[in-house]
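Q: the amino acid sequence is not available; the structure is as follows:
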Ligand SMILES: [Mg+2]
């Protein structure tokens, strides 16, 4: 087992000396920044669009504003509550509120209504979503080991079509999307609902995701085996079971 290799980047052994007592039969994956990522970045997409509709803004200007607006809107719904159904107009209204917040923080004069349809279409297009280089090979190897796989994601209703457009759907026995379920990670319910569909118990399941709260703490509280994917090394020394690339999942199964 490569866990003994100090160069492997896996801290499983250091923090958790033993593998789970039950064999892992199932792996569930977060989607965003775990299996796929946005390129061009959201800030680049916003800056290009805003610049076409008014004052020119750079992605560097948009980036901190985007992060701040995201954080503020996220705080308006408590953890576990489905943000995308928290407004009467559903997820598009949530994104409209987000856009208005971005425009206000940038003091940008563009009108939000014409922009929201264009933005919604831009992020619906699978071409802005890139699959990490190690994703497909890892999924293939996990499947070859005979394990089940599922996606559990805090995403709006567009995720299934995006996964389909990226030809990722076929790997998974279940795809659980918060906006469709009406519940978000870290709530245990979204994990348990997925496991019921798969017919497995939490103790035989590994959940891999990039969010310490939504993925790691959420799946751990649901009784699953959590694993943090920390590609940038942001969470070293925090006691998480971490991997730095998706392929390292296989080292934990062998
Ligand atoms: Mg994520």
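A: Thanks, I have it. Just so it is clear, the structure is predicted and the values come from calculations on it, not from any experiment. Residues are numbered from 1 along each chain as shown.

Q: doesn't residue 227 belong to a strand?
A: Yes - counting by DSSP: H, G, I helix; E, B strand; the rest coil, residue 227 is part of a strand.

Q: burial count for it?
A: For residue 227, the neighbour count with other Cβ atoms under 10 Å is 25. Every residue, glycine included, has its C-beta placed from N, CA and C.

Q: in this structure it contacts residue 206, no?
A: Yes - if you go by Cβ atoms under 8 Å, residue 227 and residue 206 touch, sitting 5.8 Å apart.

Q: which pLDDT value belongs to residue 97?
A: You'll see residue 97 listed with a pLDDT of 94.

Q: please apply the same query to residue 40.
A: Residue 40 carries a pLDDT value of 97.

Q: now the strands for the stretch 101-250 of the chain?
A: Assigned by DSSP state E, counting those that start in this stretch, the strands in the stretch 101-250 of the chain fall at 129-131, 148-153, 174-177, 205-209, 225-229, 242-243.

Q: give me the phi and psi angles of the most centrally placed residue in the chain.
A: When Cα atoms, centre = their mean is applied to the chain, the residue found nearest the centroid is residue 32 (3.1 Å). Backbone torsions of residue 32, given as degrees, to the nearest 10, read phi -70, psi 130.

Q: ok, residue 182 - how many residues close by?
A: By other Cβ under 10 Å, 12 other residues sit near residue 182.

Q: please name the nearest non-neighbouring residue to it.
A: Leaving aside its chain neighbours, residue 182 sits nearest to residue 82 (4.9 Å; criterion: Cβ to Cβ, 6 or more residues apart in numbering).

Q: repeat that for residue 180.
A: residue 157 (5.9 Å).

Q: neighbours of the closest residue to residue 185 other than its chain neighbours, how many?
A: Nearest residue to residue 185 in three dimensions, chain neighbours excluded: residue 214, at 4.0 Å (Cβ to Cβ, 6+ apart). Counted by other Cβ under 10 Å, the residues lying close to residue 214 total 22.

Q: low pLDDT regions in the stretch 51-200 of the chain?
A: By pLDDT under 70, the stretch 51-200 of the chain contains no weakly predicted segment.

Q: in it, which spans are helices?
A: Assigned helices in the stretch 51-200 of the chain, in chain order: 59-75, 90-106, 112-124, 135-144, 159-165, 178-181, 188-198 (criterion: DSSP state H, counting those that start in this stretch).

Q: identify whichever of those helices lies nearest to residue 44.
A: Of all the helices of the stretch 51-200 of the chain, helix 59-75 sits nearest to residue 44, with 4.4 Å by Cβ to Cβ.
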